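In: predicted coordinates and the sequence they were generated for:
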Amino acid sequence: MKTRITIIFLTAITIMNAQKKPHLDKTKPIEERIDLLMGQMTLEEKVGQMNQYNGFWEVTGPAPKGGYAETKYEHLRKGWVGSMLSVRGVKNVKAVQKIAVEKTRLGIPLIIGFDVIHGYKTLSPIPLAEAASWDLEAIKKSAQVAADEASASGINWTFGPMMDIARDARWGRVMEGSGEDPFLGSKIAYARVKGFQGETIQDLLKVNTIAACAKHFAAYGFAEAGRDYNTVDISNSTLYNIVLPPFKAANDAGVRTYMNSFNILNGVPATGSSFLQRDILKGKWNFNGFVVSDWASVREMVNHGFAKDAADATAKAVIAGSDMDMEAHYYVAELVNLVKSGKVNESLIDDAVRRILRVKFELGLFDDPYKYCDEVREKAAIGSKANNDAVLDMAKKSIVLLKNDNNLLPLKKTGQKIALIGSLANDKTSPLGSWRIASDDETAVSVLEGMQQYKGNQLSYEKGADLTIGKTTFVDELVFNTTDKSGFEAAKKIAKNANVVIMVLGEHGFQSGEGRSRTDLNLPGVQQELLEEIYKVNPNIVLVLNNGRPLSIPWAAEHIPAIVEAWQLGTQTGNAVAQVLYGDYNPSGKLPISFPRNVGQCPIYYNNYNTGRPINTDNNVFWSHYTDVEKTPLFPFGFGLSYTSFEYKNLNINQPEFAKGETVKITVDVTNSGNYDGKEVVQLYLHDVAASLARPIKELKGFELVTLKKGETKTVNFTLTDAELGFFDNDGNYLVEPGTFKITVGGSSDKGLESSFEVK
């Protein structure tokens with residue numbers, strides 16, 4: 001009886017609210033509800049929806065007194081804040097949402113943003129590692145896990161996925177994207193958006209989905225010299241054919257927000273670029289969500305020399321199509337006066353606010369502002385067994401076997417003495433990676449812990465040397481150990497008596513990521529010296545790399561018999577590494593980014609252009625090469641070994657000539673010719689031999705992840721349409737031109753079976 005009375009009471013309250021505030025009538029279409037709400041809003045309240053603040057006080061405590069925190073708090077109480085970021089946990093989110101909904105005139109709920117990059121508490125591998133799986137379903141599942149935990153903690157919007165194509169390993173944020181290829185990057189962008197948001201816009205109403213944000217729009221990954229926040233200067237051909245495809249794929253997937261980038265493009269900061277935001281995104285692509293600036297990027301337009309002051313920067317950003325100001329504080333300070341003085345048309349404000357409100361309605365925040373504030377669900381979701389199982393599966397699929405001479409791997413499970421060396425092997429924090437704001441230190445399973453679960457061998461551990469000195473934090477530069485080798489002798493002692501040495505070396509988790517550009521891609525600190533010293537006493541080494549970007553390891557590639565690229569794999573790092581080393585999981589990962597021989601090759605990528613002098617025809621120096629190192633990468637895009645082997649045969653194209661608009665069908669037989677069941681990523685590359693614009697020597701246009709039992713053969717099918725055969729010209733027009741197309745099908749970008757066909 002009490003329950004019935006409560007329901008009747010709540011229903012009556014809902015009806016009363018709908019009568020008082022007609023935009024709360026959920027029977028009306030969203031666009032009509034937006035109209036009703038905007039009809040009640042003052043100009044100041046509209047501008048407030050375009051203002052985003054970072055968390056600025058202990059939200060469950062008293063209101064702040066004094067300074068800018070008090071000003072922000074008053075803005076929140078007036079309804080002059082549309083979004084907050086970095087407020088997390090049900091109690092905290094509920095507290096700020098309560099102010100917005102219950103203390104302001106119109107009660108417009110906040111959208112709560114957070115950097116949920118590769119997980120919330122339970123962390124998947126860094127995004128670059130996930131890309132190495134080439135497993136789109138697993139990547140989508142990883143985003144679902146992240147959305148599940150984040151939404152349970154009160155968050156309803158993630159500043160991800162990042163889909164910047166990156167060719168330069170010096171740039172620290174390569175760890176946050178999907179590598180160097182636009183085709184693979186587009187597929188992954190689509191999968192991640194669906195994982196965060198669900199299959200349809202209606203799925204945003206579910207309590208375990210969150211709005212995604214396609215970032216950084218656009219060309220941030222092409223920062224000159226690999227230096228973060230630096231200038232970008234690329235051709236329109238590169239923009240349309242390499243940079244933009246993943247962002248277009250995100251739009252096709254229904255992504256609800258975009259974040260603009262810090263860099264300039266064609267001399268214009270992306271935040272102030274009408275070309276990117278109005279002409280392409282909101283124009284050609286018909287995007288109807290909203291665009292948020294990156295952190296204070298509206299303010300940074302003054303530093304760029306594009307705007308003279310706060311008012312000028314605000315006007316240029318809004319006119320260009322940047323709908324929400326993240327932490328520059330310019331919109332809330334300047335925009336009302338700019339409209340009243342006629343420098344900014346109020347219709348632009350209305351357009352931006354409509355977009356922001358639309359996403360809030362789609363999330364169901366007006367119908368239930370506290371839908372993400374369930375403490376029971378929060379407790380159940382965070383760190384659940386299901387989520388840990390999912391990130392372990394993702395971690396195993398992300399590992400790439402780079403070398404395995406003499407079949408050193410997989411390890412025997414009994415009767416061996418194994419020496420485990422490296423400070424990273426016993427590190428429970430670094431494997432979590434750079435973007436782990438909500439996770440807790442010391443929560444990763446270390447490689448040592450993973451190896452200790454296998455009881456049949458005698459395992460000894462020595463760190464050999466510290467990697468870093470002093471504190472390691474998200475905001476501080478790391479200090480590396482370059483002198484202390486006092487642990488070398490103890491490490492050499494256990495290595496000398498071992499059958500196999502496992503050395504876990506690489507980067508600290510905070511050595512890759514935002515603001516972490518490098519000009520030296522070698523193993524940092526004294527790790528290279530440690531590796532060579534151990535090699536002298538026992539060359540039977542398995543090198544396990546923990547890193548967030550491609551490293552330059554030419555000495556290891558020449559001398560070390562087995563190399564495993566294990567990236568920074570998140571919460572379940574140690575279990576994933578151990579299961580791969582012992583053969584309980586056969587590695588199937590393929591590199592999503594090329595590994596250089598040395599930093600002087602950067603940027604290096606497989607889909608380059610032929611140049612006018614691609615080979616040495618006259619036995620002299622006048623051809624495109626280096627005089628001191630090969631021009632090829634150390635490990636190419638798409639490369640990755642398995643404990644088994646695969647053979648490719650019978651490449652077939654259904655006919656030799658095609659007309660524009662017809663479908664090209666290609667088949668190839670793939671056989672597991674080794675001794676283990678395994679998975680192979682079958683890759684198809686295309687080369688348009690002669691076109692109105694020079695085309696790359698090779699472009700990925702299809703891939704299939706195939707599971708094959710030992711001795712099994714499967715026929716793999718590919719279909720090419722105009723979508724794969726064409727390219728964009730310098731004006732953004734899509735062309736499919738007649739001519740010869742060469743194809744290569746294999747297990748890597750550097751080799752495979754070849755054939756060709758004609759488009760008439």
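Out: Alright, I've got the coordinates. Residues are numbered from 1 along each chain as shown.
In: please name the nearest non-neighbouring residue to Val243.
Out: Spatially, and ignoring its direct neighbours in sequence, Val243 is nearest to Ala219 (5.0 Å; Cβ to Cβ, 6 or more residues apart in numbering). Backbone N, C-alpha and C define where each C-beta goes, glycine included.
In: verify the stated contact: the one you found with Val268.
Out: No - when contacts are counted by Cβ atoms under 8 Å, Ala219 is not listed as touching Val268 (11.3 Å).
In: and these two? Which one has more around it.
Out: Ala219 (24 against 18; other Cβ atoms under 10 Å).
In: what residues are up against that one?
Out: By Cβ atoms under 8 Å, 6 or more residues apart in numbering, the residues touching Ala219 are 164, 232, 234, 239, 243, 261, 263, 265, 270.
In: measure the residue lying closest to Pro245 once chain neighbours are set aside to Thr238 for me?
Out: Spatial nearest neighbour of Pro245, excluding adjacent residues (Cβ to Cβ, 6+ apart): Pro182 at 4.3 Å. Distance from Pro182 to Thr238, counting by Cβ to Cβ, to the nearest Å: 10 Å.
In: which one's more surrounded, these two?
Out: Each of Pro182 and Thr238 has its neighbours counted (other Cβ under 10 Å); Pro182 has more, 25 against 16.
In: my guess is the more buried one contacts Pro246, does it?
Out: Yes - the pair Pro182 and Pro246 passes the contact test of Cβ under 8 Å, sitting 6.2 Å apart.
In: any common contacting residues for those two?
Out: Common contacts of Pro182 and Pro246 (Cβ under 8 Å, 6+ apart): Ile165.
In: quick one: low-confidence ranges for this structure?
Out: Residue ranges of the chain with pLDDT under 70: 1-19.
In: picking up where we left off before, need the contact list for the residue nearest to Pro245.
Out: Listed by Cβ under 8 Å, 6+ apart, the contact partners of Pro182 are 165, 241-243, 245-246.
In: and which of those is nearest to Glu300?
Out: Within these, the smallest distance to Glu300 is 20.3 Å, found for Val243 (Cβ to Cβ).
In: nearest spatial neighbour of Ile437, chain-adjacent residues omitted?
Out: In space, Ile437 is closest to Asp115, 5.8 Å off (Cβ to Cβ, 6+ apart).
In: now the one you found, what are its backbone angles?
Out: Asp115 adopts backbone torsions of phi -80, psi 80, taken as degrees, to the nearest 10.
In: number of residues surrounding it?
Out: A count of nearby residues for Asp115, using other Cβ under 10 Å, gives 21.
In: for it, give its distance to Ala191.
Out: 19 Å.
In: quick one: the helices in the stretch 551-700 of the chain?
Out: 554-559, 573-581 (DSSP state H, counting those that start in this stretch).
In: quick one, which of those helices is nearest to Asp750?
Out: Nearest of the helices of the stretch 551-700 of the chain (Cβ to Cβ): helix 554-559, 14.6 Å.
In: CA atoms only for that closest one, dumped as PDB, please.
Out: The C-alpha trace of helix 554-559 is given here as PDB (Å, rounded to 0.1, in the frame of the first residue of the first chain):
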ATOM      1  CA  PRO A 554      67.700  -2.400 -33.100                       C
ATOM      2  CA  TRP A 555      70.200  -4.100 -30.800                       C
ATOM      3  CA  ALA A 556      67.500  -6.200 -29.200                       C
ATOM      4  CA  ALA A 557      66.000  -7.000 -32.600                       C
ATOM      5  CA  GLU A 558      69.400  -8.400 -33.700                       C
ATOM      6  CA  HIS A 559      70.500 -10.200 -30.600                       C
END
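In: related to what we said a few turns ago, looks like the residue nearest to Ile437 contacts Gly160 (just checking).
Out: Yes - contact status for Asp115 versus Gly160: in contact at 6.9 Å, counting by Cβ under 8 Å.
In: which strands and helices lie in contact with whichever helix or strand Ala69 is part of?
Out: Ala69 is part of helix 67-78 when elements are defined by DSSP states H and E. Judged by 3 or more Cβ pairs under 8 Å, 6 or more residues apart in numbering; DSSP states H and E, the packing partners of helix 67-78 are helix 43-49, strand 51-54, helix 90-102.
In: mind doing that once more with 10 Å?
Out: On a contact count with 3 or more Cβ pairs under 10 Å, 6 or more residues apart in numbering; DSSP states H and E, helix 67-78 meets helix 43-49, strand 51-54, helix 90-102, helix 330-340.
In: could I get the full set of strands for the stretch 651-760 of the chain?
Out: Listed in chain order, the strands of the stretch 651-760 of the chain (DSSP state E, counting those that start in this stretch) span 657-658, 664-672, 678-688, 699-708, 713-720, 727-728, 734-735, 739-748, 751-759.
In: now the contacts of Ala219: which count as buried?
Out: Among the contacts of Ala219, those classed as buried by 16 or more other Cβ atoms under 10 Å are 164, 232, 239, 243, 261, 263, 265, 270.
In: what about Asn337, neighbour count?
Out: Close neighbours of Asn337, defined as other Cβ under 10 Å, add up to 12.
In: residue boundaries of the helices in the stretch 151-300 of the chain?
Out: Secondary structure of the stretch 151-300 of the chain (DSSP H, counting those that start in this stretch): helices at 182-197, 236-238, 245-252, 274, 297-303.
In: centre of the chain to the shortest one, how far?
Out: Computed by Cα atoms, centre = their mean, to the nearest Å, the chain-centroid distance of helix 274 equals 25 Å.
In: kindly report the same for stretch 421-441.
Out: Worked out by Cα atoms, centre = their mean, stretch 421-441 lies 18 Å from the chain centre.
In: number of nearby residues for the closest residue to Phe183 other than its chain neighbours?
Out: Spatially, and ignoring its direct neighbours in sequence, Phe183 is nearest to Leu700 (4.5 Å; Cβ to Cβ, 6+ apart). The number of residues packed near Leu700 is 22, by other Cβ under 10 Å.
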